[in-house]
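> Below are the sequence and a predicted model; questions follow.
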Amino acid sequence: MMNGTGKRFGLVTLCFLALGTQLSHTAAIVEEEEKEQIDDWEYFVQESKENSITYNTVRRKASSAARPAKMQVMAEAMMRSPAPAADSLGYAVGGAKDADNFFQNLEEGYLPRYSSLTYEGLFYDYSFDTGQEQSCESLFCPSYARAVSRDIYSGQTDYYLSLGLNSGLTEASFQRKQLNLVVVLDISGSMSAPFSSYYYDNPGQKKNNHEGRPQSKMQIANQSIVAMLDHLQSSDRFGMVLFDDRGYRAKPLRPVDETNMDAIDKHILALQPRGGTNMGSGLQKGIEQFTGLETSLKDPALYENRIIFLTDAMPNRGELSKGGLFSMVQAAAAKNIHTSFIGVGVDFNPDLIEQITKTRGANYFAVHSSEDFKKRLDDEFDFMVTPLVFDLELQLNSSDYEIVGVFGSPEANLTTGQMLKINTLFPSSTEDEEVRGGVVLVKLRKTGHSNGPIHLQVSYKDRSGNTSRSSDTVQFDSTSSHWDNNGIRKAVVLTEYVSLLKNWLMDSRKGCNDKILQPIICFPYFKQGLINPDFRPERPQMKTWEQRSCPLEVSEGYQKLFSIFSTHFATEMAVLNDPTLQKEMDVLNRLKGKESGKRIDDWKIH
């Protein structure tokens with residue numbers, strides 16, 4: 001048995017041995033980082049005597065000062081205590097990953113665009129009890145919860161079923177594959193507008209609620225990209241494309257450890273806006289970056305292949321049709337090249353992006369500020385670039401119920417009376433056994449006279465194309481109000497909230513920019529109950545991509561509707577005991593007291 005001195009000596013010896021191992025690792029890292037790295041930036045704008053713009057393709061070599069990230073992370077790891085047990089992961093659907101553009105517009109006093117608020121985008125702001133009762137040992141494990149409630153406007157009985165998105169993965173077992181990343185950046189003239197203003201407003205009408213000179217959309221985008229690059233690993237590859245009237249390769253796709261990333265950061269931060277907006281050309285240049293890679297370097301079993309496309313989505317040149325750009329994203333996805341869109345600015349036009357991100361493997365975010373976006377990347381970067389479950393289908397077999405609505409999935413329009421389809425699931429974090437954005441809500445209509453069993457069958461594919469299936473049975477016990485858990489109760493009240501707001505946006509924007517085919521009087525409509533307004537035949541159609549701002553106004557009728565709903569929402573918020581719902585409560589309180597004024601459409605160009 002060792003005495004105290006012997007124990008201390010043994011511990012010191014172990015510490016020196018461990019330190020020696022770490023120092024050897026340090027030396028290997030330093031040797032790696034001292035390799036000559038290339039500043040392979042190719043986009044340079046020079047002013048000639050005739051004031052014309054020329055683009056020079058240059059390749060410069062530089063011996064880069066090592067980025068401190070690796071050394072700093074290693075030093076912190078030496079002092080770090082043992083990690084706690086890993087948390088489990090769940091899933092969230094593709095498509096919108098926030099509703100930030102909606103809230104940005106409200107904050108600035110603008111009427112948000114209809115598509116700035118989606119069910120799945122708002123769901124991702126919240127964590128849900130998915131109703132999972134058994135441990136999950138598979139890539140994906142569905143769970144189900146039931147609810148019966150009364151519509152607060154129509155009084156009719158509503159039946160809901162939530163699909164919980166669970167996984168057998170944990171934070172410890174999850175590790176994204178090597179990433180081939182191409183960033184495509186909009187540098188068009190509209191990116192020069194202040195982040196809180198609408199570019200196409202008349203200069204005298206532009207609003208600026210900030211002290212000092214506000215940052216432009218271009219500056220916010222540049223800063224966001226630099227923050228994003230900090231999350232790349234040395235074995236990842238990074239390339240970049242810029243577009244205005246046409247697309248330009250700014251940086252070829254090259255391994256990070258061969259690239260002078262500090263120099264690249266400086267080039268990105270120095271970018272300035274100019275020219276028109278040809279989104280199709282930019283996307284095509286981005287896709288072309290992957291064609292030069294060997295097939296083995298694009299293998300989806302080993303690599304993530306992703307385009308991150310930053311824009312204010314106001315195209316005025318090149319490819320404008322939804323089908324055209326959508327087809328380009330679809331074609332890339334078929335080659336396992338997936339796309340994330342990041343909307344920049346309060347005037348970001350989400351209509352086009354909302355359609356495109358229904359594609360397999362796609363998602364989108366809205367940047368609220370470079371600081372907030374950096375915080376989001378710290379927690380979510382690996383998740384946002386790693387789709388894991390594809391082509392999810394839920395088949396419902398029942399003689400007494402059919403599907404009439406889906407909330408929380410961008411593919412709601414693919415739903416039939418018996419089938420729900422979801423293109424993509426991305427990993428999502430959990431907290432207190434609740435999954436962030438981890439449910440899809442299904443609204444059912446009773447078609448029979450009994451409460452017979454509902455047989456459910458789920459199928460999905462993994463990233464290698466292998467298909468898995470599972471089945472289950474649920475049954476509604478009665479027609480009285482009932483909630484299996486707080487997860488489905490929260491999903492229902494948030495769905496009602498989004499449905500009300502989207503109907504308000506649809507009806508309020510009919511005199512400003514958007515074209516409504518059949519104006520509706522709100523009260524007769526709401527006697528039918530709250531439904532997904534995406535299926536209303538008079539959904540807004542854009543007259544032009546070049547949108548002006550619309551003033552934030554609420555009609556007297558909708559003020560009454562918001563007042564009724566805010567009372568209901570407050571009750572549900574108290575039952576759920578979820579203080580994070582206060583943000584939505586604040587929105588309702590603001591809108592129910594908002595004065596309405598007469599609006600004039602004085603736009604002269606059609």
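It's in.

> Show me the shaky parts of this protein.
Of all residues in the chain, those with pLDDT under 70 make up the ranges 1-35, 46-86, 202-213, 316-323, 511, 513-546, 594-606.

> Find the centremost residue of it, please.
Closest residue to the average C-alpha location of the chain: Lys97 at 2.5 Å, with Cα atoms, centre = their mean.

> where exactly do the helices run in the stretch 401-550 of the chain?
Secondary structure of the stretch 401-550 of the chain (DSSP state H, counting those that start in this stretch): helices at 486-508, 522-526.

> Out of the ones you listed, flag the one nearest Ser566.
Set against Ser566 and scored by Cβ to Cβ, these come closest in helix 486-508, at 9.8 Å. For glycine as for every other residue, the C-beta is placed from the backbone atoms N, C-alpha and C.

> Show me which positions of the closest one end up buried.
Within helix 486-508, the residues that count as buried by 16 or more other Cβ atoms under 10 Å are 486-508.

> Counting residues, name the longest strand you see in the protein.
In the chain, assigned by DSSP state E, the strand with the most residues is strand 157-170.

> Just the CA trace of it, in CSV.
Taking Å, rounded to 0.1, in the frame of the first residue of the first chain, the C-alpha atoms of strand 157-170 are listed here in CSV:
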residue,chain,number,x,y,z
THR,A,157,-64.9,19.2,-31.8
ASP,A,158,-61.4,18.9,-33.2
TYR,A,159,-59.3,15.7,-33.1
TYR,A,160,-55.5,15.9,-33.2
LEU,A,161,-52.7,13.4,-33.4
SER,A,162,-49.1,14.4,-32.9
LEU,A,163,-46.2,12.5,-34.6
GLY,A,164,-43.2,12.7,-32.2
LEU,A,165,-39.8,12.7,-33.9
ASN,A,166,-37.4,10.7,-31.8
SER,A,167,-34.0,9.2,-32.4
GLY,A,168,-31.7,6.6,-30.8
LEU,A,169,-28.8,9.0,-31.4
THR,A,170,-27.1,10.9,-28.6
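
> Kindly export the helix or strand hosting Val587 (C-alpha atoms) in PDB.
Counting by DSSP states H and E, the element that carries Val587 is helix 582-592. As requested, C-alpha coordinates have been extracted for helix 582-592 and formatted as PDB (Å, rounded to 0.1, in the frame of the first residue of the first chain):
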ATOM      1  CA  GLN A 582     -44.800  35.100 -23.400                       C
ATOM      2  CA  LYS A 583     -43.200  36.200 -26.700                       C
ATOM      3  CA  GLU A 584     -46.400  35.100 -28.500                       C
ATOM      4  CA  MET A 585     -48.600  36.600 -25.800                       C
ATOM      5  CA  ASP A 586     -46.800  40.000 -26.300                       C
ATOM      6  CA  VAL A 587     -47.500  39.800 -30.000                       C
ATOM      7  CA  LEU A 588     -51.200  39.200 -29.400                       C
ATOM      8  CA  ASN A 589     -51.400  42.000 -26.900                       C
ATOM      9  CA  ARG A 590     -49.800  44.400 -29.300                       C
ATOM     10  CA  LEU A 591     -52.000  43.400 -32.300                       C
ATOM     11  CA  LYS A 592     -55.300  43.500 -30.500                       C
END
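
> Does anything pack onto that helix? Which helices or strands?
For helix 582-592, the packing partners by 3 or more Cβ pairs under 8 Å, 6 or more residues apart in numbering; DSSP states H and E come out as helix 100-108, helix 486-508, helix 556-576.

> Who are the packing partners of whichever helix or strand comes after the longest strand of the chain?
Scanning forward in sequence from strand 157-170 by DSSP H and E, the next helix or strand is strand 178-186. Based on contacts counted as 3+ Cβ pairs under 8 Å, 6+ apart, the elements that strand 178-186 packs against are helix 217-229, strand 237-243, strand 247-255, helix 279-291, strand 303-311.

> what about 6 Å?
Identification of packing neighbours for strand 178-186 by 3 or more Cβ pairs under 6 Å, 6 or more residues apart in numbering; DSSP states H and E yields strand 237-243, helix 279-291, strand 303-311.

> Give the pairing partners of that strand; include direction for each.
Next to strand 178-186 in the sheet, as set by DSSP bridges, lie strand 237-243 (parallel), strand 303-311 (parallel).

> What angle do strand 247-255 and the first one make with each other?
So the one you mean is strand 237-243. 170 degrees (axes from the mean of the first three to the mean of the last three Cα atoms, to 10 degrees).

> what sits up against strand 237-243?
Judged by Cβ atoms under 6 Å, 6 or more residues apart in numbering, the contacts made with strand 237-243 from elsewhere in the structure are 43, 180-185, 187, 232, 247-253, 255-256, 278, 281-282, 285-286, 289.

> Return the alpha-carbon coordinates of it using CSV.
In CSV, the C-alpha atoms belonging to strand 237-243 read as follows (Å, rounded to 0.1, in the frame of the first residue of the first chain):
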residue,chain,number,x,y,z
ARG,A,237,-13.6,21.6,-47.9
PHE,A,238,-14.8,25.2,-48.4
GLY,A,239,-15.6,27.2,-51.6
MET,A,240,-17.5,30.4,-52.3
VAL,A,241,-19.5,32.0,-55.1
LEU,A,242,-20.8,35.5,-55.4
PHE,A,243,-23.6,36.8,-57.6
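
> That one to helix 217-229, inter-axis angle?
Taking the same axes, to 10 degrees, strand 237-243 and helix 217-229 form an angle of 170 degrees between their directions.

> buried stuff in stretch 91-108?
Residues of stretch 91-108 classed as buried: 91-106, 108 (neighbour count, 16+ other Cβ under 10 Å).

> likewise stretch 241-253?
Neighbour-count burial for stretch 241-253, with 16+ other Cβ under 10 Å as criterion, is recorded at Val241, Leu242, Phe243, Asp244, Arg246, Gly247, Tyr248, Arg249, Ala250, Lys251, Pro252, Leu253.
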